[in-house]
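**Q** Attaching a predicted model along with its sequence, questions to come.
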Amino acid sequence: MTSHQTTQTMKPATAAKKLGVYLEATPAEFQEGVVSRAELNALQAEPPQWLRDLRANGPHPRPVVAAKLGVSIAGLARGGVTEPLTTEEIEALKQEQPEWLQKERATQAEVRKEAARLKQRDAERQDS
C-alpha cells in the first residue's frame, strides 16, 4: 500500500489571516486562488514586496489594529473602529489618545494583570 502525500491548501482568507494582512488589500491573484502550505511558508520566509508593504502600511485587519493599539478586538468595536486602519491612522489614534482608547487600554492592562495573577497562583499550587 502506497501513501500519497496530498498538498494541503487553504482559502485565501485563511492564508491572509495567517500572514496578518487584510484580504481585500492583497493582489487579485492571491484573492482568487488557493494557497498551499508550501506557498504560505515561502511567503512568510521571503515576503514579496506587496506583502512587506501591506505589513508596514496597511490597511491592517482588526486583530492587527487591536494589537498595535494595545486593546482587544471587542474594545475596538466599543470604540467605534469597525474598518481596517492604515499604519498612519493607527499612529494618529495613538497620538490623539481618545477617551475610549485610554479606557480600553486600562481594561486590557487589568485583564493581563489578572491573567498573570491566575498563572502565578496556578504555578504555586502545582509546586505545593
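**A** Thanks, I have the structure now.
**Q** Quick one: mean pLDDT over the lengthiest helix in the chain.
**A** In the chain, with assignment by DSSP state H, the single longest helix is helix 99-127. Averaging pLDDT along helix 99-127 gives 91.
**Q** Buried by neighbour count: which residues of that helix qualify?
**A** Using 16 or more other C-beta atoms under 10 Å as the test for burial, helix 99-127 gives 100-101, 104, 108. (Each C-beta comes from the backbone N, C-alpha and C, glycine too.)
**Q** what's the closest of those to residue 115?
**A** Relative to residue 115, the closest of these is residue 108; by C-beta to C-beta it sits at 10.5 Å.
**Q** mind checking the SS state of the residue nearest to that closest one when sequence neighbours are not counted?
**A** In this structure, residue 108 finds its nearest non-sequential neighbour in residue 71, 5.4 Å apart by C-beta to C-beta, 6 or more residues apart in numbering. Classification of residue 71 by DSSP: H, G, I helix; E, B strand; the rest coil places it in coil.
**Q** residues in contact with stretch 48-56?
**A** 19-22, 25-27, 43, 47, 87 (C-beta atoms under 8 Å, 6 or more residues apart in numbering).
**Q** can you state the direction angle for the helix or strand where residue 91 lies and helix 99-127?
**A** Element membership of residue 91, judged by DSSP states H and E, is helix 87-96. Helix 87-96 runs at 90 degrees relative to helix 99-127, counting by axes from the mean of the first three to the mean of the last three C-alpha atoms, to 10 degrees.
**Q** Retrieve the pLDDT associated with residue 58.
**A** pLDDT, residue 58: 89.
**Q** circling back: just give me the closest of the buried residues of helix 99-127 to residue 10.
**A** residue 108 (30.1 Å).
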